[in-house]
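1. Take this sequence and fold it.
(one chain, ligands or ions: 1)
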Amino acid sequence: MIEVENLHKSFGEAHILKGISTTFEQGKTNLVIGQSGSGKTVFLKSLLGLFEPEQGKICYNGDYYWDLTSAEQRDLRQQMGMVFQGSALFDSMTVQENVMFPMDMFTKQSKGEMQDRVDFVLKRVNLIDAHEKYPAEISGGMQKRVAIARAIVMNPKYLFCDEPNSGLDPKTAILIDNLIQEITQEYNITTVINTHDMNSVMEIGEKIIFLKDGYKEWEGTNKEIFKTDNEAVTNFVYSSELFKKVRQMYIEERN
Ligand SMILES: Nc1ncnc2c1ncn2[C@@H]1O[C@H](COP(=O)(O)OP(=O)(O)OP(=O)(O)O)[C@@H](O)[C@H]1O
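-> Purely as a prediction, here's the structure:
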């Protein structure tokens, strides 16, 4: 579980995060949404321990990162997996070398143990025959699967994903969303995803927080977002005519 309490972050005069409080539960896909510039990336980087808050706290299963010793911080960071926007694979490494990289860097496991784990996670993300391929030789959807495999290879307690669907067609995007949700539930991970994708919000938004100008404007589930009267949320989520109609039909059906 991650507990965020009154989180503030500024860069010089620019006050970006303005007192965000929320809780992200284990085994759930937690989504962060909001307009461009609302502070989602700064928030995700704060969760990763890359920015020290000037006020407030983020606790990971009760531990406050900035109170830990550097060895404890290193241990905690190794419990965090990250899927970067655009996958961020190493072009000069094969798929299996990419996935093995964190274990090579941070563990003393034998080559055989690492290979077994790589085989396991690549199978888990449904990539069977891609071990020896290079990122440029596989599709965008497969690259995301490799990025997910790499993020979970160290068995993380926390998984952070920055726009995991960007650049994917809608069908592949849903497959990737479902894969992240399955893995989250299967391994009881606390997952936080930054997204612009409204399909993701509807499909896997077990908890959604909506940021606006650095504030948490709203939070709830994908079912609640259909019913909310919060104007900022509805203007953002239902900005297209199609989504407005879908929402109206949903509300009418329920009444
Ligand atoms: N390292 C930094 N130094 C100074 N300002 C920054 C830094 N990182 C982000 N900002 C500022 O913080 C604000 C929020 O940026 P952020 O990247 O978190 O937005 P976002 O919601 O993720 O947007 P997008 O959806 O476009 O990625 C922006 O005004 C940005 O310029």
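2. From here on, just use CA atoms for contacts and neighbour counts.
-> Noted.
3. Right, and the ligand sits closest to which residue of the stretch 151-255 of the chain?
-> The stretch 151-255 of the chain approaches the ligand most closely through residue 196 (7.1 Å), counting by C-alpha to the nearest ligand atom.
4. if I look at residue 252, how far off is residue 237?
-> Per C-alpha to C-alpha, to the nearest Å, residue 252 is found 18 Å from residue 237.
5. between the two, which one's more packed in?
-> Set residue 252 next to residue 237 and count neighbours by other C-alpha atoms under 10 Å: residue 237 wins out with 21 against 9.
6. Am I right that residue 81 sits in a helix?
-> No - under DSSP: H, G, I helix; E, B strand; the rest coil, residue 81 sits outside any helix and is assigned strand.
7. quick one: residue 175 is in a helix?
-> Yes - counting by three-state DSSP, residue 175 is located in a helix.
8. quick one: the closest residue to residue 1 other than its chain neighbours from residue 128, how far?
-> Excluding its sequence neighbours, the residue lying closest to residue 1 (C-alpha to C-alpha, 6 or more residues apart in numbering) is residue 25, at 4.7 Å. Taking C-alpha to C-alpha as the measure, residue 25 falls 31 Å from residue 128.
9. Equivalent analysis for residue 135, please.
-> Residue 135 is 15 Å from residue 128, by C-alpha to C-alpha.
10. Look at these two and report which has more neighbours.
-> More crowded of residue 135 and residue 128, by other C-alpha under 10 Å: residue 135, with 22 against 12.
11. The more buried one is in contact with residue 89, isn't it?
-> Yes - counting by C-alpha atoms under 8 Å, residue 135 touches residue 89, with 6.9 Å between them.
12. between the two, what contacts are shared?
-> Common contacts of residue 135 and residue 89 (C-alpha atoms under 8 Å, 6 or more residues apart in numbering): residue 143.
13. Let me see the ranges of the strands in the protein.
-> Taking DSSP state E as the criterion, the chain contains strands spanning 2-11, 14-24, 29-34, 55-60, 63-64, 80-83, 158-162, 190-194, 207-212, 215-220.
14. The longest one to strand 55-60, inter-axis angle?
-> Angular relation of strand 14-24 and strand 55-60 on a 0 to 180 degree scale: 40 degrees, by axes from the mean of the first three to the mean of the last three C-alpha atoms, to 10 degrees.
15. In terms of secondary structure, what does strand 14-24 contact?
-> Of the remaining helices and strands, those touching strand 14-24 by 3 or more C-alpha pairs under 8 Å, 6 or more residues apart in numbering; DSSP states H and E are strand 2-11, helix 40-47, strand 190-194, strand 215-220.
16. and the stretch 1-150 of the chain, which of its residues are near the ligand?
-> 11, 16, 35-42 (C-alpha under 6 Å from any ligand atom).
17. Quickly name whichever of those is closest to residue 230.
-> The nearest member of these to residue 230, counting by C-alpha to C-alpha, is residue 35 at 15.1 Å.
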